[in-house]
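>>> give me a 3D structure for the following:
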Amino acid sequence: MTKLTFLPHQDSCPQGAVIDVPPGISICDAALQHGIEIEHACEKSCACTTCHVYIRQGGESLKPATEDEEDLLDKAWGLDPDSRLSCQAIVTKTDLVIEIPKYTINMVSEHRK
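All right, here's what the predicted structure looks like:
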């Protein structure tokens with residue numbers, strides 16, 4: 001199992017969270033399965049930027065972003081060198097530290113309560 005540490009985020013996980021997940025799952029799916037509500041307006045199909053996250057540690061273990069992901073990331077709010085789309089970043093055996101941005105440019109929410 002791989003440990004994913006989510007830094008505190010005022011809406012998605014105010015206390016932060018540490019979860020154990022199997023390699024091969026996307027960061028977005030892992031978060032959603034553990035009650036961390038990451039926005040994902042395109043049904044995780046790499047067609048928007050709402051699931052944008054920062055990989056603060058361990059990002060070098062992920063496969064490089066595809067050209068499609070890079071093109072979308074250029075449109076993300078708060079883009080920085082650690083930015084990835086969580087629907088496209090597949091967990092390996094390396095632990096990750098993840099920060100959810102303060103804002104997204106989501107126009108349609110798939111958030112379900």
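
>>> phi, psi of the nearest residue to Lys63 once chain neighbours are set aside?
Closest residue in space to Lys63, ignoring its immediate chain neighbours: Ile90 at 6.6 Å, by Cβ to Cβ, 6 or more residues apart in numbering. Bear in mind the C-beta positions are built from the backbone N, C-alpha and C, glycine included. The phi and psi torsions at Ile90 (degrees, to the nearest 10) take the values phi -100, psi 130.

>>> quick one: contacts for Ile90?
Taking Cβ atoms under 8 Å, 6 or more residues apart in numbering, we find Ile90 in contact with Pro23, Gly24, Ile25, Ser26, Ile27, Leu62, Lys63.

>>> now the closest residue to the third one other than its chain neighbours: how far from Gly24?
Right, Ile25. Closest residue in space to Ile25, ignoring its immediate chain neighbours: Val91 at 5.4 Å, by Cβ to Cβ, 6+ apart. Going from Val91 to Gly24 by Cβ to Cβ, to the nearest Å gives 7 Å.

>>> which stretches in this structure count as helices?
27-33, 67-73 (DSSP state H).

>>> so how far is Gln15 from the nearest residue to Lys44 once chain neighbours are set aside?
Nearest in space to Lys44, with sequence neighbours left out and distances taken as Cβ to Cβ, 6+ apart, is Cys87 at 3.8 Å. According to Cβ to Cβ, Cys87 and Gln15 sit 24 Å apart.
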